[in-house]
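Chemist: can't give you the sequence, but here's the structure:
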């Protein structure tokens, strides 16, 4: 206040003596201590605002963080170089369409990573088994089906106990395949390793730098080693693909018949009765009478184990059992034989229409469903009405089911006894 009053007084004196030609200059008092502090405070606030503005401009000029792992950035750049990852078109302002977020975008990196892994299937044997074991022995990065299957294939290849790994995994409570051991699993491939590395790199905890379980530190360090190894191996020339299996040349007819099992391709499972054409080596089903490829008739007795009495139809080459009087395929008559080698038991009968031999219990022919003909019984013999068993005349009860003899048969038996001269 004193300084302001003096300042006003000085100006008043100047106004009163404005007609004077010369007035001595009155020295103004210096600003007080409070005014200097206030001035300095204003200057410091302006300086802070200018520094903050400079920092914001500098942060806008610096590129954002691509990914916490430099190995992953190098791997993605290698995918771009090799043509697996197609960059987005440049916008009007000169920036990339996808930007630097492509290193953290799963939808853009999934297909290129897996395509690279499928093309470089030869890199699996060059990766460190110790690093792969350190990655898969702590569990799976998530519970997605393909990720879990890839981890299980790798653990089976490394001969790790699936139960021990699932027991220590933090996701076992929500995983529907926990403690499941794969049966006859496929051999591991490079795509299984790359799939796990990709999901580890795309983990939100890795990108955001959040807190992670202690067991993840060793696994993540091995993941980064494997990514670096893939980048190094990607510079090598891919191995040539394995040779494809070529068709075998047709063998001579006699050799094809004798060495039947040698002509069949190893990757085709033959069933009983299937046969190989002697002309073109084509594998045919049992039901084929002619080769489906070259129309040559099926050879006789090829690939079929015939027992004593079995016969081959002369019309269709169908193999019939010994009891068949006619061919089961074309109903042609069987060959005429001097002696019947088929042992027929008591009660068995031959059908009058198809000559099929039926068992005693069959009331209808098993082949043509014709009714069983009336048996020609010896005097006194009788058929059991319950089980159709043929009994001798001396049997008062059925020898098979113990049923009593019918009364009509008893009367005929008594008449035969009365008429008997003995």
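Modeler: Sure, I can see it. Note that the coordinates shown come from a computational prediction; the quantities given were computed from them, not determined experimentally.

Chemist: isn't residue 205 right next to residue 217, touching?
Modeler: No: with contact defined as CB atoms under 8 Å, residue 205 does not reach residue 217; the gap is 11.9 Å. The C-beta positions use only the backbone N, C-alpha and C, and glycine is treated the same way.

Chemist: Ranking helices and strands of the protein by mean pLDDT, which lands last?
Modeler: helix 253-258 (a mean of 42; mean pLDDT, DSSP states H and E).

Chemist: what's the following helix or strand after that helix?
Modeler: Counting by DSSP states H and E, the next helix or strand C-terminal to helix 253-258 is strand 275-276.

Chemist: Now that next one: average pLDDT?
Modeler: The predicted model assigns strand 275-276 a mean pLDDT of 80.

Chemist: same deal with stretch 349-361?
Modeler: For stretch 349-361, the per-residue pLDDT averages 80.

Chemist: which residues sit against that stretch?
Modeler: 323-326, 331, 333-334, 342, 344-348, 362, 365-368, 370, 372-373, 375, 387-390 (CB atoms under 8 Å, 6 or more residues apart in numbering).

Chemist: okay, now the nearest residue to residue 124 once chain neighbours are set aside: neighbour count?
Modeler: Nearest residue to residue 124, sequence neighbours excluded (CB to CB, 6 or more residues apart in numbering): residue 190, at 4.4 Å. Using other CB atoms under 10 Å, residue 190 has 22 neighbouring residues.

Chemist: Roughly how far does residue 190 sit from residue 128?
Modeler: 13 Å (CB to CB, to the nearest Å).

Chemist: now swap in residue 402 and tell me
Modeler: Taken as CB to CB, the span from residue 402 to residue 128 is 80 Å.

Chemist: Equivalent analysis for residue 287, please.
Modeler: 54 Å.

Chemist: How is residue 135 assigned, secondary-structure-wise?
Modeler: helix (DSSP: H, G, I helix; E, B strand; the rest coil).

Chemist: Tally up the residues packed near it, please.
Modeler: Residue 135: 25 neighbours (other CB under 10 Å).

Chemist: for it, what are its contacts?
Modeler: Residues near residue 135 by CB under 8 Å, 6+ apart: 196, 197, 200, 219, 222, 223, 226.

Chemist: The third one contacts residue 141, correct?
Modeler: Pointing back at residue 200 there. Yes: using CB under 8 Å, residue 200 is in contact with residue 141, at 5.4 Å.

Chemist: For stretch 165-173, measure first residue to last.
Modeler: End-to-end distance for stretch 165-173, by CA to CA, to the nearest Å: 13 Å.

Chemist: just the strands in the stretch 201-350 of the chain please.
Modeler: With DSSP state E, counting those that start in this stretch as the criterion, the stretch 201-350 of the chain has strands at 275-276, 283-284, 311-312, 319-320, 349-350.

Chemist: Return the list of helices and strands in contact with the first one.
Modeler: Helices and strands in packing contact with strand 275-276 are listed as strand 283-284; criterion 3 or more CB pairs under 8 Å, 6 or more residues apart in numbering; DSSP states H and E.

Chemist: quick one: the helices in this structure?
Modeler: 2-16, 33-61, 70-81, 106-119, 129-136, 145-157, 162-168, 190-201, 204-208, 216-233, 253-258, 407-419 (DSSP state H).

Chemist: weakest of the ones you listed in terms of mean pLDDT?
Modeler: Across the helices of the chain, helix 253-258 has the smallest mean pLDDT, namely a mean of 42.

Chemist: For residue 421, give me the pLDDT.
Modeler: So, for residue 421, pLDDT stands at 52.

Chemist: ok, back up a step: roughly how far apart are the residue nearest to residue 124 and residue 330?
Modeler: For residue 190 relative to residue 330 (CB to CB), the value is 57 Å.

Chemist: on that earlier part again, confirm for me that the residue nearest to residue 124 is in contact with residue 125.
Modeler: No: under the criterion of CB under 8 Å, residue 190 is not in contact with residue 125, lying 9.2 Å apart.

Chemist: List the buried residues for stretch 202-214?
Modeler: In terms of neighbour count (16 or more other CB atoms under 10 Å), stretch 202-214 has its buried residues at 202, 203, 206.
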